[in-house]
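> Curious how this folds, go ahead:
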Amino acid sequence: MNVDTATRPAGARGRLLPLGVYLLAFSLFAMGSAEFLLAGVLPAVAADIEVSLATAGGLITAFAIGVVIGGPPFAVISLRWPRRTALVLTQLVFAACIAAGLIMGSYTALLITRFVAGFAYAGFFAVAAATAVSLVTPDRAARASGVVVSGLSLAMILGGPAGTLIGYHTSWEGGFWLVVALTLAAAAAVTVAMPRTTAGRDPSIKRELRTMRQPRLWLVYAATLLSTAAYMITFNYLAELLDRVTGIPDGWIAVVLMLFGVGAYLGLAIGGRISDRRPHHALVAGSTGIIVCSVLIATLAEHALAVVPLVLLLGVAGFVLNPAIYGRVFTIASDAPTLAGATTVSAFQLGISLVPLMAGIALNADAPITTVAWIGAGLAAITIPVALFERATAQPKKTAVTKP
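Reported below is the predicted structural model:
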């Protein structure tokens, strides 16, 4: 993989991953908490700004669309920038947008500021993914990517639930102010401690665009979109399902959401260990796990003793896939790490942006809230043949041997 070999620190071959990788994970934890926090306080947000739950879900879509649109253009614009500069700039813009939305407080203001925040988040995520890979040797790329993405699982375990608890005891805005403070702290840490890295050999937009034409790469993006939507459609409406169907008290909903994050962390740890060698095994196993967990959540939604452990297992299954996805992307598109990484982030967020649209159609048609889990199972089922087809195209074709 020809990724930043010229600028990789000498210590990148050591046993431990470089400090910069963990700084990126912490930064992603700080920013990602804003994304997962909204799922826990969505009913409170809807009530406070006087809109329906389906309409409030548009705030999730606004953020996700900002990420989808923002990643690739920012990757191109910042291709020749020092990566530390790009990282800190996006963090500051993100924090400013979240704060502005809270101060103004209207639904329109929240839509606009979350869209711009998503744009900045996409830029950070794209540069962070490429930077993490640049700090390690090629055989550890999936593991480094998994550690960075583990910041998102920590956002589920700590950031989102902590913000939800703050919201229940004060107001829903309290958790988002915590996000602003953490993001600024992360930006300061990156400024002080992140090594100066660039794109290695001379950056070339033409070369990156040429690399992006590979059909195999777009199969990975399709699997990314489908699998992300498959588990996020259940997670984003989990608070409502636990409240209306399972009957879990409000004060315990945050704890159950935390279990999803614990599962995500475990899934990343498992996926990061196996994905460098067997990425397609991780993709198929994770998709199968999402199907099983989603179906069981839908059918056993009234039974808390069944649903609670299934939430944990859904997190494991969903996030086993992520290191494998990044591993495949940076293997196929080794000559376009920045743009390929940015498009991967866009594919993740495009999957998330489809969640409120699909769920909204079902809920507005008076379907039960458990329908979202059935939709998730169907999306995961489509992911499996896409992943298998990508594996088939990755295998070298056998050439016919003609006997003399």
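> Return the helix or strand in the protein with minimum mean pLDDT.
Least confident helix or strand, the chain: helix 160-169 with a mean of 72, by mean pLDDT, DSSP states H and E.
> Roughly how far does the residue nearest to A155 when sequence neighbours are not counted sit from L182?
Leaving out its chain neighbours, the residue that sits closest to A155 by CB to CB, 6 or more residues apart in numbering is G32, at 3.8 Å. Using the backbone N, CA and C atoms, a C-beta is placed for each residue, glycine as well. Look at G32 and L182: by CB to CB, to the nearest Å, they are 10 Å apart.
> what's the answer for A362, then?
A362 sits 34 Å away from L182, going by CB to CB.
> list residues touching both of G32 and L182?
Both G32 and L182 are contacted by G159, under the criterion CB atoms under 8 Å, 6 or more residues apart in numbering.
> between those two, which one's more packed in?
More neighbours surround G32 than the other of G32 and L182, with 24 against 21 (other CB atoms under 10 Å).
> Just the residues contacting the least confident helix or strand of the chain, thanks.
Residues outside helix 160-169 that contact it (CB under 8 Å, 6+ apart): 33, 36-37, 39-41, 44, 173-176, 178-179, 250-251, 253-255, 257-258, 261.
> Likewise for stretch 250-260?
With contacts defined as CB under 8 Å, 6+ apart, stretch 250-260 is touched by 36, 39-40, 156-158, 160-162, 164-165, 168, 235, 238-239, 242-243, 248, 307-309, 311-312, 314-315.
> go on, stretch 271-282?
For stretch 271-282, contacts defined as CB under 8 Å, 6+ apart pick out 139-143, 145-147, 270, 286, 319-328, 387-388, 390-391.
> Just the buried ones from those?
Buried residues within the contacts of stretch 271-282, counting neighbours by 16 or more other CB atoms under 10 Å: 140-143, 145-147, 270, 286, 319-328, 387-388, 390-391.
> Got the confidence number for V401?
If you check V401, the pLDDT there is 44.
> ugh, wrong one, I meant P396
The model reports P396 with a pLDDT of 56.
> and S52, how many neighbours?
Counted by other CB under 10 Å, the residues lying close to S52 total 12.
> no wait, I69
Residues lying near I69 (other CB under 10 Å) number 17.
> Could you do H303 as well?
Per other CB under 10 Å, the neighbour tally for H303 reads 13.
> and it, what does it touch?
Residues counted as contacts of H303 (CB under 8 Å, 6+ apart) are T246.
> Poorly predicted segments of the stretch 201-350 of the chain, please.
Applying pLDDT under 70 to the stretch 201-350 of the chain flags the ranges 201-204.
> What are the boundaries of the helices in it?
Remark: helices assigned in the stretch 201-350 of the chain by DSSP state H, counting those that start in this stretch are 205-211, 215-236, 238-241, 250-274, 279-299, 304-332, 337-364.
> what's the second one packed up against?
Yep, that's helix 215-236 we're talking about. helix 19-48, helix 279-299, helix 304-332, helix 337-364, helix 371-394 (3 or more CB pairs under 8 Å, 6 or more residues apart in numbering; DSSP states H and E).
> how many degrees apart are that helix and helix 160-169 in direction?
30 degrees (axes from the mean of the first three to the mean of the last three CA atoms, to 10 degrees).
> start at 33 instead
Got it, first residue is 33 now, which makes that one helix 247-268.
> in helix 247-268, what's buried?
Applying a neighbour-count criterion of 16+ other CB under 10 Å, the buried positions in helix 247-268 are 248-249, 251-268.
> What's the local residue count around the closest residue to T243 other than its chain neighbours?
By the measure of CB to CB, 6+ apart, the closest residue to T243 outside its immediate chain neighbours is A368, 3.7 Å from it. For A368, the neighbour count with other CB under 10 Å is 28.
> before we move on, what about L111?
L111 has 18 neighbouring residues, counting by other CB under 10 Å.
> Now do it against R239, distance only.
Applying CB to CB, the value for L111 to R239 is 10 Å.
> likewise S259?
The separation that S259 has from R239, given CB to CB, amounts to 29 Å.
> got it, and T370?
Applying CB to CB, the value for T370 to R239 is 11 Å.
> out of these two, which sits in the more crowded spot?
T370 (29 against 14).
> Make sure that one is actually in contact with F157.
No. Here T370 does not reach F157: they are 11.6 Å apart, not a contact under CB atoms under 8 Å.
> Number of residues surrounding P114?
Per other CB under 10 Å, the neighbour tally for P114 reads 14.
> With A399 instead?
Residues contacting A399 under the criterion other CB under 10 Å number 14.
> Give me the phi and psi angles of it.
Per-residue torsions, A399: phi -70, psi 150 (degrees, to the nearest 10).
> if I look at it, how far off is V327?
A399 is 16 Å from V327, where distance means CB to CB.
> Ok, V340 next?
According to CB to CB, V340 and V327 sit 16 Å apart.
> repeat for I237
Applying CB to CB, the value for I237 to V327 is 45 Å.
> ok, now Y358?
Distance from Y358 to V327, by CB to CB: 28 Å.
> go on, G295?
Look at G295 and V327: by CB to CB, they are 17 Å apart.
> now V352
Computed as CB to CB, the V352 to V327 distance reads 18 Å.
> One more: T278?
Taken as CB to CB, the span from T278 to V327 is 16 Å.
> Same check on S65?
Distance of S65 to V327, computed by CB to CB: 30 Å.
> Look at these two and report which has more neighbours.
Neighbours were tallied for S65 and for V327 using other CB under 10 Å; the higher tally belongs to S65 (27 against 17).
> tally of neighbours for the nearest residue to the more buried one once chain neighbours are set aside?
Leaving aside its sequence neighbours, S65 sits nearest to G191 (CB to CB, 6+ apart; 2.7 Å). Residues contacting G191 under the criterion other CB under 10 Å number 26.
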